[in-house]
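Participant: After the sequence you'll find the predicted model.
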Amino acid sequence: MSGDVELWGLLFVSGVPLPRGETVKIVWRMTGEGPLTVKAALPDGTAARLAWGPEEHGGSTWHRPGDEWGTGLVFPERGCWRIDLSRTHGTAHLWLPVA
């Protein structure tokens, strides 16, 4: 994760590792400014599909720093996926396992 923002992710799954080939809902809260862009890839360059989002949330009961968006990601292969999130001012990344 980058040191210029704070990032939080809320996974709507039954457990980790994440399921392959299914839409995984993740709600993000990220500090910074501007719209959110989300990309996910394996180290070999294989990309995940963004099924929907990012959808900005106007209100929430999940209290963390930053603005909130929802996404639906589909990971086509198992492995350790790098998730890159960026705003006009601020970037961050994390790694998630997929079975």
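Facilitator: Nice, I can see it.

Participant: Note down every partner strand of the helix or strand where K25 lies and its orientation.
Facilitator: Element membership for K25, per DSSP states H and E: strand 23-30. Note on strand 23-30: by DSSP bridges, its sheet partners are strand 7-12 (antiparallel), strand 67-74 (antiparallel).

Participant: Please identify the buried residues of it?
Facilitator: V24, I26, V27, W28, R29, M30 (16 or more other CB atoms under 10 Å). C-betas here are computed from N, CA, C, even on glycine.

Participant: Next, count neighbours for L96.
Facilitator: Neighbourhood size, L96 [other CB atoms under 10 Å]: 21.

Participant: For this structure, which segments are assigned as strands?
Facilitator: In the chain, the strands defined using DSSP state E lie at 7-12, 23-30, 37-41, 49-56, 67-74, 79-87, 90-98.

Participant: just checking, T23 touches A48?
Facilitator: No - using CB atoms under 8 Å, T23 makes no contact with A48, being 10.4 Å away.

Participant: Now do the shared contacts for those two.
Facilitator: Common neighbours of T23 and A48 are listed as L73, V74 (criterion: CB atoms under 8 Å, 6 or more residues apart in numbering).

Participant: any low-confidence regions in this structure?
Facilitator: Counting by pLDDT under 70, the chain shows low-confidence ranges at 1-3.

Participant: again, only this time at 90
Facilitator: 1-4, 15-16, 58-60 (pLDDT under 90).

Participant: For V98, find the nearest of the strands paired with strand 23-30.
Facilitator: Of all the strands paired with strand 23-30, the one in closest proximity to V98, counting by CB to CB, is strand 67-74 (9.7 Å).

Participant: chain center to the closest one: distance?
Facilitator: Strand 67-74 sits 6 Å away from the centroid of its parent chain (CA atoms, centre = their mean, to the nearest Å).
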